[in-house]
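**Q** Need a 3D model of the sequence below.
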Amino acid sequence: MATKKILILDEPSNNLDQKSKRELYDIIRELNVKQKIAVIMVTHDLDHDNLIGNKILSPGGDDYFFGTTEDYVRRVHHE
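**A** Next up is the predicted model:
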């Protein structure tokens with residue numbers, strides 16, 4: 001079943017300290033997982049601990065990526 005709610009965020013962690021950033025991502029994760037709200041987020045914050053969701057789109061010129069979050073982390077960290 002498709003979600004009936006969607007949250008679109010553009011660089012939500014800009015200018016936040018690490019503690020506030022963690023709290024923000026915890027809230028977004030809860031909205032996504034527990035309340036079944038779809039999240040589309042544009043960010044340059046690609047710390048793998050902050051990645052939310054099950055798909056990543058990274059349109060980096062010749063280094064284009066679309067796939068699972070796990071595959072993205074493996075690719076970035078060359079695991």
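**Q** do you know how far residue 54 is from residue 14?
**A** Residue 54 sits 24 Å away from residue 14, going by C-beta to C-beta, to the nearest Å. Using the backbone N, CA and C atoms, a C-beta is placed for each residue, glycine as well.
**Q** longest single helix anywhere in this protein?
**A** Counting by DSSP state H, the longest helix found in the chain is helix 18-33.
**Q** In space, not sequence, find me the middle residue of the chain.
**A** Against the mean C-alpha coordinate of the chain, by C-alpha atoms, centre = their mean, the closest residue is residue 52 at 3.5 Å.
**Q** Name the residues that touch the longest helix of the chain?
**A** Here helix 18-33 makes contact (C-beta atoms under 8 Å, 6 or more residues apart in numbering) with 7, 9, 12-13, 16, 37-39, 41, 45, 50, 52-53.
**Q** In its sheet, which strands sit next to the next helix-or-strand element following it, and in what direction?
**A** Sequence-wise, the next helix or strand downstream of helix 18-33 (DSSP states H and E) is strand 38-42. Strand pairing for strand 38-42, using DSSP bridges, gives strand 6-10 (parallel).
**Q** Show me the shaky parts of the protein.
**A** Along the chain, segments meeting pLDDT under 70 span 1-3, 48-50, 79.
**Q** 90 instead?
**A** Applying pLDDT under 90 to the chain picks out residues 1-4, 18, 32-33, 36, 42-65, 68-79.
**Q** Reformat the contacts of helix 18-33 as TSV; add distance to residue 65.
**A** Formatted as TSV, the contacts of helix 18-33 follow (distance: C-beta to C-beta, whole Å):
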residue	distance to residue 65
7	23
9	20
12	21
13	20
16	25
37	24
38	20
39	18
41	16
45	16
50	17
52	16
53	14
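**Q** which of the residues you listed sit farthest apart?
**A** For those, the maximum inter-member distance is 22.6 Å, found between 16 and 38 (C-beta to C-beta).
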